[in-house]
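**Q** I'd like to go over a predicted model; first the sequence, then the structure.
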Amino acid sequence: MRLAADHDEIIVTAGAGDFKALQLRTRERAIEMLDMTVVYSTGGRDIIPMRFVIPANGASRVLDLRGHDRNVRKVILRYTTRPGSVERAFVALWGLND
């Protein structure tokens, strides 16, 4: 995650398949998540409110996706940098396949 930004996008490759749930995992730094927008290959979107801190080297809860067509094209993350942070956090998106 970039320090100066308040959002980032993670592009999901077409070959990743359909997902029934997502999870965010951090490395080295904590991050305060505001929300996550899941953009599907059909163009549909789900906005998932988060409003919690993922600690350094921690993980979010498992975030279930609704509906049947869950081929994810990208995920947009909105966040704030933790006060006093001078280095960026590394965030990985994990998906649970159908």
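**A** That came in fine, so what should we check first?
**Q** count of neighbours near Arg29?
**A** Residues near Arg29, counting by other CB atoms under 10 Å, number 20. C-betas here are computed from N, CA, C, even on glycine.
**Q** could I get the pLDDT score of the closest residue to it other than its chain neighbours?
**A** In space, and not counting its chain neighbours, Arg29 is closest to Ala89: 3.7 Å by CB to CB, 6 or more residues apart in numbering. Ala89 carries a pLDDT score of 81 in this model.
**Q** residue contacts, Trp94?
**A** 22-25 (CB atoms under 8 Å, 6 or more residues apart in numbering).
**Q** can you map out the strands along this protein?
**A** For the chain, applying DSSP state E gives strands covering 7-11, 19-27, 31-40, 45-54, 63-64, 72-80, 90-97.
**Q** now the fourth one: buried residues?
**A** Of all the residues in strand 45-54, those buried under the rule 16 or more other CB atoms under 10 Å are 48, 50, 53-54.
**Q** same question for the last one.
**A** Judged by neighbour count using 16+ other CB under 10 Å, the buried positions of strand 90-97 are 91, 93, 95.
**Q** one step back: quick check: the two most widely separated of the buried residues of strand 45-54?
**A** Greatest spatial distance in those: Ile48 and Val53, 15.9 Å, computed using CB to CB.
**Q** ok so, going back, mind giving me the PyMOL select for the contacts of Trp94, buried ones only?
**A** Filtering these down to the buried ones (16+ other CB under 10 Å) takes a single PyMOL command:
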select buried, resi 22+24
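**Q** pLDDT and distance to Leu65 for the contacts of Trp94 - can I get that in TSV?
**A** Shown next, in TSV, are those (pLDDT from 0 to 100; distance: CB to CB, whole Å):
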residue	pLDDT	distance to Leu65
Leu22	95	7
Gln23	96	11
Leu24	96	14
Arg25	96	17
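**Q** any idea which of the contacts of Trp94 is closest to Ser41?
**A** Distances from Ser41 to the contacts of Trp94, taken by CB to CB, are shortest for Leu22, at 14.9 Å.
**Q** the closest one contacts Leu65, doesn't it?
**A** Yes. Under the criterion of CB atoms under 8 Å, Leu22 makes contact with Leu65 at 6.7 Å.
**Q** specify the beta-bridge partners of Tyr79.
**A** For Tyr79, the beta-bridge partners under DSSP bridges are Met33.
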